[in-house]
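Engineer: Could you work out the structure for the sequence below:
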Amino acid sequence: MKLLSSCLGIYLVFLVGCMSPQTGQIPSNQTNLVTSSQVSSQEITLDETLKIAMGQTIYVPVYSEIHHFQNRTFPLAATLSVRNTDPQNPIIITSVKYYNSDGKLVREHLENPLRMAPLATTDFIIDQDDRTGGSGANFIVEWVAETEVYEPIVEAVMVSTTSQQGISFVSVGRVIESKPAAWTPSK
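Structural biologist: So this is what the prediction gives:
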C-alpha cells in the first residue's frame, strides 16, 4: 500500500509538472471549479417523478493545509473526484458541500443536480491558496440512482509542490448514510 501511495504521488507530481494551459491546467485566478466532460455529465432538475432505487451520503476528509515543523502550515490543493463505477447506468450527484474544520458550511459546489454518464468522472477543485477549510475540512457528497448501480468511488487527492518540496496523498470517502429505495429528493 505504501508503494502504491508513493507511486501515485510521484505520478501526480510528474503529471502536474507537465501540464500546460492547452492540456488542462487550471488558471490560478479560477478556484473551486467543477470539471467534467460536457458529453458525460449534465445538470438536471429533480422532481417528484424521479424514482430512486438507491443513494448514499458520503463523508470525505480534505486537507487544505497540514501542520509541520514548529506549528507551520503547508498549503495543499485538493481535488474531490467522484467516479461513476457502473459501466451501464448513470448516477445523479444531488449535493456537494464543503465544510471547514469547525464543521461550518463554507460553500455548496452544485447549483443543480448533475447526472453522470456510466464510467464518467467529475472533479471539484479547492485551490492551494484557499485555506478556508483548514486542516480538518471535509466534503459531504450525496448521490442517487434510478436503478441499482455499482457504488461510485469518491475520494480526495491533496497535492502541493511549494518551493522545492512536493507532497501528495489520497483520502477515501466513507458512506455515512444509505438512502432507501422509497426516498424522494428534496427541492
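
Engineer: Okay, residue 177 and residue 141: tell me how far apart.
Structural biologist: Residue 177 sits 11 Å away from residue 141, going by Cβ to Cβ, to the nearest Å. For glycine as for every other residue, the C-beta is placed from the backbone atoms N, C-alpha and C.

Engineer: quick one: which of these two has more around it?
Structural biologist: Counting neighbours by other Cβ atoms under 10 Å for residue 177 and for residue 141 shows that residue 141 has the greater number, 23 against 11.

Engineer: Name the helix or strand for the more buried one, please.
Structural biologist: Element membership of residue 141, judged by DSSP states H and E, is strand 138-145.

Engineer: and residue 178, what does it touch?
Structural biologist: Contacts for residue 178 were tallied using Cβ atoms under 8 Å, 6 or more residues apart in numbering; they are 54-56.

Engineer: For residue 177 and residue 141, list the residues in contact with both.
Structural biologist: Counting by Cβ under 8 Å, 6+ apart, the residues touching both residue 177 and residue 141 are residue 57.

Engineer: that older thread, counting by contacts, list what the strand holding residue 141 packs against.
Structural biologist: With contacts defined as 3 or more Cβ pairs under 8 Å, 6 or more residues apart in numbering; DSSP states H and E, strand 138-145 has these neighbours: strand 54-61, strand 77-83, strand 91-99.

Engineer: pLDDT weak spots in this protein?
Structural biologist: In the predicted model of the chain, residues 1-48, 181-187 satisfy pLDDT under 70.

Engineer: if I pick the residue most central in space within it, what's in contact with it?
Structural biologist: In the chain, the residue lying closest to the centroid (Cα atoms, centre = their mean) is residue 80, at 1.9 Å. Residues near residue 80 by Cβ under 8 Å, 6+ apart: 60, 62, 96, 123-126, 139, 141, 154-156.

Engineer: Nice, that's everything, thank you.
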